[in-house]
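Asks: okay, sequence plus prediction incoming.
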Amino acid sequence: MILCIGLSPAWQRVLHFDALRLDEVNRAVECRTFASGKIVNVLVTLHALDTPAHCLTFCGGLEGQALREDIQRLGASLEGIETRTTTRVCTTVIDKSTNHVTELVVNTAPVEDDEIDALRDACQRHAPNASAAILSGSMPVDAPADTFRRLIEELELEIIADIRGPELLEILPLRPLIVKPNCGELASTLGISIESEDELIAAMQEIQDRGAQWVVISQGAEAVLALGQNTLYRFVPPKVQSVNPIGAGDAFAAGLASALSDGLEVPEAIRHGIATAVDKVSHLLQSAVSRKGAHTWLKQISQEKLR
């Protein structure tokens, strides 16, 4: 079982418009609502891939209850620690005339110390039944940078971290198996500008020197670089018609973790992660991802050892 740990779930609205016009009244032609947020997307993808997983996160108010019920309807496993603040609502706006997808994000409200303690207790309770843990998503407002570290430092699990900033730096001494910020997140985490591949590789090396066993960096639809075990790889995904790119990074993390749980080595697991991300981009909803769909893209991913 893979333990999914996150601090910032969301109740998601997706609004479709025939043509979006600014400064005018716009009437949506379609509206969907469902559980979301990065860690929830990871859980939903793992469930779609038939990989056992359990999600630990925060849920508050009517939106939090709706999130729990939606995950239950999917048949996935989620434990929502009750919070005094309400689960945030985020909105995706899709302009059908241009195929532009715009995400309107609300920051996660602050959580209390006792709520973080309850989440930590849940992590310790479920860890003996897990083979790995995925950390994903942003931090609640005013949460200490060491929050993720405090949640996992006593867990004897392989860690896959899709986080950024000070919270990523805090966990590096724990020797996570894989960290996978995107290029922009890596730059902001280290407080630097990355303008070339050489600068990107140097930044990846710094993260590895600080403790990460593998550093995996995505660049949108461009190549993925992976550094680990004194080896550097470049993976190039196929070009696809994008339906909804939101959640692709979460699908990447889930596909990678699923492949590792199947016993694959890290480089091959990265290929499966990319294939899962590509499959997600070609669908509107996270739950539409499948092993069969991901495998159709697998052979189209090129892999090159750079050193």
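Replies: Good, I have the coordinates. Residues are numbered from 1 along each chain as shown.
Asks: state the helix or strand in which the residue nearest to the spatial centre of the chain lies.
Replies: Computing the C-alpha centroid of the chain and ranking residues by CA atoms, centre = their mean puts residue 250 first, at 3.1 Å. Using DSSP states H and E, residue 250 maps to helix 248-261.
Asks: after that helix comes which helix or strand?
Replies: Remark: after helix 248-261, the chain's next helix or strand is helix 266-281, criterion DSSP H and E.
Asks: report how many residues lie close to residue 193.
Replies: Counted with other CB atoms under 10 Å, residues neighbouring residue 193 total 9. (Each C-beta comes from the backbone N, C-alpha and C, glycine too.)
Asks: typed the wrong thing, it's residue 199
Replies: Neighbours of residue 199 (other CB under 10 Å): 14.
Asks: again, but for residue 25
Replies: 5.
Asks: and if you look at the one 3 residues further on?
Replies: By other CB under 10 Å, 15 other residues sit near residue 28.
Asks: what pairs with the spatially closest residue to it that is not a sequence neighbour across the strands?
Replies: Computed as CB to CB, 6 or more residues apart in numbering, the closest residue to residue 28 that is not its neighbour in sequence is residue 15, at 4.2 Å. Beta bridges link residue 15 to residue 31, residue 93, judged by DSSP bridges.
Asks: from now on call the first residue 718
Replies: Sounds good: first residue 718 from here, last item residue 732.
Asks: got the contact list for residue 732?
Replies: 745, 747, 748, 808, 809, 810, 811 (CB atoms under 8 Å, 6 or more residues apart in numbering).
Asks: can you map out the strands along the stretch 818-967 of the chain?
Replies: Counting by DSSP state E, counting those that start in this stretch, the stretch 818-967 of the chain has strands at residues 849-853, 875-879, 895-896, 931-934, 941-945, 948-953.
Asks: make a markdown table out of these and add distance to residue 862 and mean pLDDT.
Replies: Converted to a markdown table, these look like this (distance: least, CB to CB, whole Å; pLDDT from 0 to 100):
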| stretch | distance to residue 862 | mean pLDDT |
| --- | --- | --- |
| strand 849-853 | 13 | 98 |
| strand 875-879 | 14 | 97 |
| strand 895-896 | 15 | 98 |
| strand 931-934 | 20 | 98 |
| strand 941-945 | 24 | 97 |
| strand 948-953 | 29 | 96 |
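Asks: which one of those lies closest to residue 914?
Replies: Counting by CB to CB, residue 914 lies closest to strand 941-945 out of the strands of the stretch 818-967 of the chain; the figure is 7.7 Å.
Asks: buried sites along that closest one?
Replies: 941, 942, 943, 944, 945 (16 or more other CB atoms under 10 Å).
Asks: stretch 783-802 too?
Replies: Residues 783-785, 787-788, 791, 793-795, 797-798, 800, 802 are the ones in stretch 783-802 that count as buried (16+ other CB under 10 Å).
Asks: ditto for stretch 967-975
Replies: Buried, per 16+ other CB under 10 Å, within stretch 967-975: 967, 968, 969, 970, 971, 972, 973, 974, 975.
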